[in-house]
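Asker: How does the following fold in three dimensions:
(one chain, ligands or ions: 1)
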Amino acid sequence: MTSPQNTPASARFPAGGRAFPHRDLIAIGDLERHEILYLLAEAEQYVEFNRQAAKHTDKLAGLTIINAFFENSTRTLLSFEIAGKRLGADVVNMHAAQSSVKKGETLIDTAVTLNAMRADAIVIRHGSSGAVGLIAGKVDCPVLNAGDGQHEHPTQALLDALALRLKLREMGHDAEDFTGLTVTICGDILHSRVARSNILCLQALGATVRLCAPPALMPSGIANMGVEPYNRFDDALKGSDVVMMLRLQNERMDGQFIPSPREYRHLYGLTRDRLALANDQAIVMHPGPMNRGVEIDSDVADMEGRSIITAQVEMGVAIRMACLDVLTRKARAIEGWGEGEWV
Ligand code: NCD
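Answerer: As a prediction, this is how the structure comes out:
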């Protein structure tokens, strides 16, 4: 296959599109549908690329990427690190536990410090909603949000969309968007940045989004986002083509939100019997980390042909490569980049 490095810029940039007008990737809410589709198309090239034995380009050679993670992460941190390295950048990880944040340094001072080191892109995960946007306002390079509190996790929604698109294609649906598809997101919606980003992304791509949660874990006013809220999982499942399960975000809970994990599983756990209520061949998704036996049973999580949970992880690397590539084009003075004349 052609390496993305060798694909001419003219072939990669969408005809008739507009400039990619964002320096940062903070929220799916900032993106228009065609911008989401563009990032997905860019990422598709990296899916093939990542399946080769030798998967390294020098596209981002000479650039420095800092991954600043103020909250724990396995998949997201690792995939951003792998993405940056496969693109040839110098990648540095900053863990808050070992940083001066623990010594009381303010977020703004941390941002100014990162900026002074002349990073070419900064990837940030933070426990407070809005913190990543705040840092973006204080630095000179692109900032990518790897999850800010309960607000957004844009690269997760993009990788979910890519995993879903490839699965649908395998099943014979060759549309580039999700028109006509009903997706149920079930779990701790209240505390979930994954849910928020996915609602916006899935809707932008034409899907109908149902949300299911116990009343205490359903944000008030959520129907204003154009979603269909359910409290009974069995009702939500009927007519669903995709079921996306979410973990209970215990670390964000102040007090008791559910009676017990056992009771939660009884009402909201995705079991094999429950999955049978959804449409024939319904697809199962989960962003991880999973609590097996609570929100999802092992035999469903590992169900061959139906669960795309491992594919979601694989797509994470491709999506993050695409986002780093697109957002550093200005720094790399790539042909075609320029305010207002990207295409
Ligand atoms: C999610 C997160 O951190 O928001 N995980 C992830 O990035 N894959 C979801 C979660 O922690 O439950």
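Asker: The closest residue in space to F257 that isn't next to it in sequence: what's it in contact with?
Answerer: Computed as CB to CB, 6 or more residues apart in numbering, the closest residue to F257 that is not its neighbour in sequence is A216, at 4.9 Å. Heads up, the C-betas are built off the backbone N, CA and C, glycines and all. For A216, the contact set (CB atoms under 8 Å, 6 or more residues apart in numbering) comprises 190, 257-258.
Asker: Tabulate those residues (a markdown table), appending distance to the ligand.
Answerer: Formatted as a markdown table, those follow (distance: CB to the nearest ligand atom, whole Å):
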| residue | distance to the ligand |
| --- | --- |
| L190 | 13 |
| F257 | 15 |
| I258 | 15 |
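Asker: Give me the buried entries from those.
Answerer: Neighbour counting by 16 or more other CB atoms under 10 Å classes 190, 257-258 among the contacts of A216 as buried.
Asker: Which residues of the stretch 151-300 of the chain lie near the ligand?
Answerer: 153, 156, 193-194, 247, 249, 287-288 (CB under 6 Å from any ligand atom).
Asker: on that earlier part again, any idea how far the residue nearest to F257 is from N198?
Answerer: Applying CB to CB, to the nearest Å, the value for A216 to N198 is 21 Å.
Asker: Repeat that for G133.
Answerer: In terms of CB to CB, G133 sits 19 Å off from N198.
Asker: These two: which has the busier surroundings?
Answerer: N198 (29 against 19; other CB atoms under 10 Å).
Asker: Return the residues in contact with D160.
Answerer: D160 touches 198, 201, 244, 285, 287, 312, 315, counting by CB under 8 Å, 6+ apart.
Asker: Any stretches of this protein with poor pLDDT?
Answerer: 1-20, 97-98, 102, 334-343 (pLDDT under 70).
Asker: redo that, cut-off 50
Answerer: 1-6, 8-18, 338-343 (pLDDT under 50).
Asker: hmm, back to that, need the residues of the stretch 151-300 of the chain next to the ligand in a markdown table with secondary structure and neighbour count, can you?
Answerer: Supplementary listing: those in a markdown table, determined by DSSP: H, G, I helix; E, B strand; the rest coil; neighbours: other CB atoms under 10 Å:
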| residue | secondary structure | neighbour count |
| --- | --- | --- |
| H153 | coil | 27 |
| Q156 | helix | 26 |
| R193 | helix | 24 |
| V194 | helix | 26 |
| R247 | coil | 19 |
| Q249 | coil | 17 |
| P287 | coil | 26 |
| G288 | coil | 16 |
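Asker: Export these as TSV, with columns for distance to N279.
Answerer: Formatted as TSV, these follow (distance: CB to CB, whole Å):
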residue	distance to N279
H153	27
Q156	24
R193	27
V194	22
R247	24
Q249	28
P287	22
G288	24
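Asker: is it true that I66 lies in a strand?
Answerer: Yes: looking at I66 with DSSP: H, G, I helix; E, B strand; the rest coil, it is inside a strand.
Asker: Spatially nearest residue to it, not counting backbone neighbours?
Answerer: According to CB to CB, 6+ apart, the nearest residue to I66 is A119 (4.5 Å).
Asker: show me what contacts the one you found?
Answerer: 64-66, 139, 141.
Asker: List only those of those flagged as buried.
Answerer: 64-66, 139, 141.
Asker: Would you mind checking which of the contacts of D160 is nearest to the ligand?
Answerer: P287 (4.1 Å; CB to the nearest ligand atom).
Asker: Spell out which residues sit in contact with the closest one, please.
Answerer: 153, 156, 160, 194, 244, 246-247, 312 are the contacts of P287 under CB under 8 Å, 6+ apart.
Asker: Quick check: the two most widely separated of those?
Answerer: Maximum pairwise distance in those, criterion CB to CB, is 14.5 Å, between D160 and R247.
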